[in-house]
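Q: just to be clear, the model below is a prediction. Sequence and coordinates:
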Amino acid sequence: MVKSVIETLDSDDASAIEAAKSLFSNSKIDGQLAFIKANFNSVTHGITSVQEKDANLESSLSLVKKVASDLKNVGGDVGKNVSKKVESVLDKNPGYRILCHISQVLTGESFDTSCIEEELTATDVVHFKYAPIVSTDVERSFSKYKTVLPDNRRSLTFENLHMLIVTYCNNSE
């Protein structure tokens, strides 16, 4: 279906159209797309799921671990390379490791906080229960902050600003 749409486009209109037509003329493209859909569908589902609002830390990290596990089961060189890359990215991410340790504390799996490099109090750790592991929630909050604090609204008291931010962030719309 996508191929038939691309074929109707004029290659002279954009170099991207010409490149897309060239890619779709490859006899292996259907097989490659089938391989991607069959083996990497969990990645798109995982990304969509971790971006959901109000997801707790444990469920978000479980999704990441499930996607990484699913990728280990993909066969062939492509599957091995993708799995190695995901594992490498997660291993090199110190924030991910810290969130995994915090999640273990919050779920009662471990009570040892010494492996958390940051100096966090028990109250600080509790606040991580709904910590986002992706920037989607952060971007949402910045959008809300822009509506709370536009250029013409600079005389708010801290208390009123605090109440407005809480109201906007807790709004379910």
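A: Looks like it came in fine. Numbers count the residues shown, from 1 in each chain.
Q: buried residues in the helix or strand harbouring Gln32?
A: For Gln32, the element it lies in under DSSP states H and E is helix 29-50. Using 16 or more other CB atoms under 10 Å as the test for burial, helix 29-50 gives 35, 39-40, 42-43, 46, 49-50. (Each C-beta comes from the backbone N, C-alpha and C, glycine too.)
Q: reformat the residues you listed as TSV; add pLDDT.
A: Below are the buried residues of helix 29-50 laid out as TSV (pLDDT from 0 to 100):
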residue	pLDDT
Phe35	92
Asn39	92
Phe40	92
Ser42	90
Val43	91
Gly46	88
Ser49	85
Val50	81
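Q: picking that back up, which residues touch the helix holding Gln32?
A: 3, 23, 55, 60, 63-64, 66-67, 70-71, 74-75, 78-79, 82, 133-134 (CB atoms under 8 Å, 6 or more residues apart in numbering).
Q: tell me how far that helix lies from the chain's centre.
A: 15 Å (CA atoms, centre = their mean, to the nearest Å).
Q: now the helix or strand that it is followed by and helix 29-50, what's the angle there?
A: Toward the C-terminal end, the helix or strand that comes next after helix 29-50 (DSSP H and E) is helix 57-72. Orientation note: helix 57-72 sits at an angle of 170 degrees relative to helix 29-50 (axes from the mean of the first three to the mean of the last three CA atoms, to 10 degrees).
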